[in-house]
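Colleague: sequence and predicted structure, then a few things I'm wondering about:
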Amino acid sequence: MADTELARNSSLTVKSGIAYQKCLNPLCGAMLDIGQVRTACDRCGDLLDVDYDWSRIPVPSRLSDFEQMWSKRYEPLRFSGVWRFHELLPFAPADKVVSVGEGQTLLQQADCVGNYVGLNSGRLHLQYEGMNPSGSFKDNGMCAAFSHARLTGAKRAACASTGNTSASLAMYCSVTQMMKAIIFIGSGKISYGKLSQALEYGALTVQIAGDFDDAMIRVREVSKDLGIYLVNSINPFRLEGQKTVMFRVLEALRWEVPDWIVVPGGNLGNSSAFGKAFIELKQLGLIDRVPRLAVINAAGADTLYQLYERRNLRWNEGRPDFATVCHYYDELDARKAKADTIASAIEINRPVNLKKCLRALDFCDGVVRKVTDQEILDAKAQVGAGGIGCEPASAASVAGAKLLREEGIIAPSDRVVCVLTGHQLKDPTATVAYHSTDMDKFNEVLGSRGVSRASFANRAVAVPNELDAIIRAIQLYS
Ligand SMILES: *Cc1c(COP(=O)(O)O)cnc(C)c1O
Ligand SMILES: [Zn+2]
């Protein structure tokens, strides 16, 4: 088929049966209609996947064919950095998908940060997902889950959140006025930037006395009892939208596959979605090689690291050894261990997408590392000094890339993409404390986290309110 014909035939209509939900457990394999609302398999309780009958979908024959979509930016669907790739996530018809302009993000070559990581010039790229309308990558997945919710006639949507999921859901609800947002947050562990968004956008905000893992358990119970649509990343449609982060990375690299994708790991939705994106692109013959995947935990919330690197938990063709997982969680309970890191967006000990992430690590020859809060904040300061900046959790990717470079696992000549998941302004408390001249302020916010120094602090210069003194200070410091 000629390219122009392909473009015309990509009418974005979804015929019934081309998309369905499928249980991740190969011994079960239950299939479910796309219109059903579930967060787990009815038969065996495993996670659900969105799957397609690709033979019936007019997927372009080359990834570069997607470049034509840019010429149709006047169409909201082609303006969206998610729906521009609709043919690669065709679970909903075009007239039912929701967009608020998500996915207009940037892949920036960042040599200063690359130098810090230990890479040759031109080899580090930062994928700025903080440029999304609500300020984090979550919009990529939320527009997809929200579209599915709309498809099923939902009137209310809920999530438990460390902050960005709730900000994103609240935004989609307020912009479209299609649903009421109900968000569950833990106590004291949400940054003001994120909370302020949910409150201003008008979400019903339920603050429970517990942490994120507690809030997650409750929101699943409540949404089941009340029939409220759940948009946490346990929702398989979220991950469909998040695949497009990788499509845009490839697009920015002129469809060349990088050597490494490095991403922070919290609930492991992103890493799972990225793996699924590459599995499908390979299956469709749209790429001929696959990047390696590095998932970076915070040291204070390192379940994936412990299970994958220390206890050798593997995908094992869809049958990972869940006794290992249960045993680890029992140990956490026995120690009364709670996730604890300055990177609140990844402060999660029971990642819901663990199994899907194992599939991604398997397919992308993955590695998992953990980094300390000190390493995260130093990397964050470098990202800010050499680029647009990010929130603490995002900087785990850069700290992780540096660690892997020091270990010799990443080579200086490798082409590395670090995903910066959230905007610099999401969590200013940690940033200001890091750069503070006031050691009491520094210790109050960071001391309890084991952060003892701010190697890259850019401190404000205090001067008396006198012209001579001000001029002397400027000449001394610039
Ligand atoms: C949600 C979030 C993460 C964690 O992503 P997962 O897909 O849950 O692993 C990381 N960084 C930021 C800024 C986030 O909002
Ligand atoms: Zn099942």
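Modeller: Arrived safely. Ligands and ions are numbered 1, 2, ... in the order given.
Colleague: which residues of the stretch 1-150 of the chain lie near ligand 2?
Modeller: The stretch 1-150 of the chain has residues Cys23, Asn25, Cys28, Ala30, Cys41, Arg43, Cys44, Asp46 near ligand 2, with proximity defined as CB under 5 Å from the ion. Just so you know, the C-beta spots here come from the backbone N, C-alpha and C atoms, and that holds for glycine as well.
Colleague: stretch 422-430 vs ligand 1: in contact?
Modeller: Yes. Using CB under 6 Å from any ligand atom, stretch 422-430 reaches ligand 1 at Gly422.
Colleague: so for that stretch, first residue to last residue, what's the gap.
Modeller: Distance between the boundary residues of stretch 422-430 (CA to CA, to the nearest Å) amounts to 14 Å.
Colleague: again, but for stretch 310-328
Modeller: This stretch, stretch 310-328, spans 11 Å end to end (CA to CA).
Colleague: what residues sit buried inside it?
Modeller: Within stretch 310-328, the residues that qualify as buried are Leu313, Trp315, Gly318, Pro320, Val325, Tyr328, counting by 16 or more other CB atoms under 10 Å.
Colleague: what about stretch 410-418, near ligand 1?
Modeller: No. Counting by CB under 6 Å from any ligand atom, ligand 1 has no neighbours in stretch 410-418; the shortest distance is 11.9 Å.
Colleague: please enumerate the helices of the stretch 101-250 of the chain.
Modeller: Remark: helices assigned in the stretch 101-250 of the chain by DSSP state H, counting those that start in this stretch are 111-117, 138-151, 164-176, 192-201, 212-226, 236-252.
Colleague: which one, of those, ends up nearest to ligand 1?
Modeller: helix 164-176 (3.3 Å; CB to the nearest ligand atom).
Colleague: and the closest one with helix 138-151, angle?
Modeller: Orientation of helix 164-176 against helix 138-151 (axes from the mean of the first three to the mean of the last three CA atoms, to 10 degrees) gives an angle of 50 degrees.
Colleague: C-alpha coordinates for helix 164-176, PDB please?
Modeller: Output of helix 164-176 as PDB, limited to C-alpha atoms (Å, rounded to 0.1, in the frame of the first residue of the first chain):
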ATOM      1  CA  ASN A 164       1.100  13.700  40.300                       C
ATOM      2  CA  THR A 165      -1.600  11.200  39.400                       C
ATOM      3  CA  SER A 166      -4.100  13.200  41.400                       C
ATOM      4  CA  ALA A 167      -3.000  16.500  39.800                       C
ATOM      5  CA  SER A 168      -3.400  14.900  36.400                       C
ATOM      6  CA  LEU A 169      -6.800  13.300  37.100                       C
ATOM      7  CA  ALA A 170      -8.100  16.500  38.600                       C
ATOM      8  CA  MET A 171      -6.900  18.500  35.600                       C
ATOM      9  CA  TYR A 172      -8.700  16.200  33.100                       C
ATOM     10  CA  CYS A 173     -11.900  16.400  35.100                       C
ATOM     11  CA  SER A 174     -11.700  20.200  35.400                       C
ATOM     12  CA  VAL A 175     -10.900  20.900  31.700                       C
ATOM     13  CA  THR A 176     -13.400  18.500  30.300                       C
END
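Colleague: so how far is Ser134 from Tyr172?
Modeller: 8 Å (CB to CB, to the nearest Å).
Colleague: any bit of the helix or strand harbouring Ala381 sitting next to ligand 1?
Modeller: Secondary-structure assignment from DSSP states H and E places Ala381 in helix 373-385. No. Contact check for helix 373-385 against ligand 1, using CB under 6 Å from any ligand atom: none in range, with a minimum separation of 11.1 Å.
Colleague: so where's the stretch 201-350 of the chain uncertain?
Modeller: Within the stretch 201-350 of the chain, no range satisfies pLDDT under 70.
Colleague: for Thr4, report the pLDDT, please.
Modeller: We have a pLDDT of 34 for Thr4.
Colleague: again with the one 10 residues further on
Modeller: Looking at Val14, its pLDDT is 45.
Colleague: pick out whichever of the buried residues of stretch 310-328 sits closest to Ala273.
Modeller: Of all these, the one sitting nearest Ala273 is Trp315; the distance, using CB to CB, is 15.6 Å.
Colleague: so who does that closest one touch?
Modeller: Going by CB atoms under 8 Å, 6 or more residues apart in numbering, Trp315 touches Lys355, Leu358, Arg359, Leu361, Asp362.
Colleague: now swap in Leu284 and tell me
Modeller: Applying CB under 8 Å, 6+ apart, one finds that Leu284 lies in contact with Trp54, Val59.
Colleague: how much space between it and ligand 1?
Modeller: Computed as CB to the nearest ligand atom, to the nearest Å, the Leu284 to ligand 1 distance reads 24 Å.
Colleague: how much space between that residue and Val82?
Modeller: If you measure Leu284 against Val82 using CB to CB, the figure is 18 Å.
Colleague: hmm, who's touching stretch 232-239?
Modeller: The set of residues external to stretch 232-239 that reach it, using CB under 8 Å, 6+ apart, is 21, 39-40, 47-50, 91, 141-142, 144-145, 147-148, 159-161, 165, 216, 219-220, 231, 267-269, 272-273, 276, 352-353, 356.
Colleague: identify the residues contacting Arg73.
Modeller: When the contact criterion is CB under 8 Å, 6+ apart, the partners of Arg73 are Phe79.
Colleague: can you check the pLDDT for it?
Modeller: According to the per-residue confidence, Arg73 scores 88 in pLDDT.
Colleague: what do you get for Gly188?
Modeller: Note for Gly188: predicted pLDDT of 67.
Colleague: which among the residues of the stretch 1-150 of the chain next to ligand 2 count as buried?
Modeller: Among these, those that count as buried by neighbour count (16+ other CB under 10 Å) are Cys23, Asn25, Cys28, Ala30, Cys41, Asp46.
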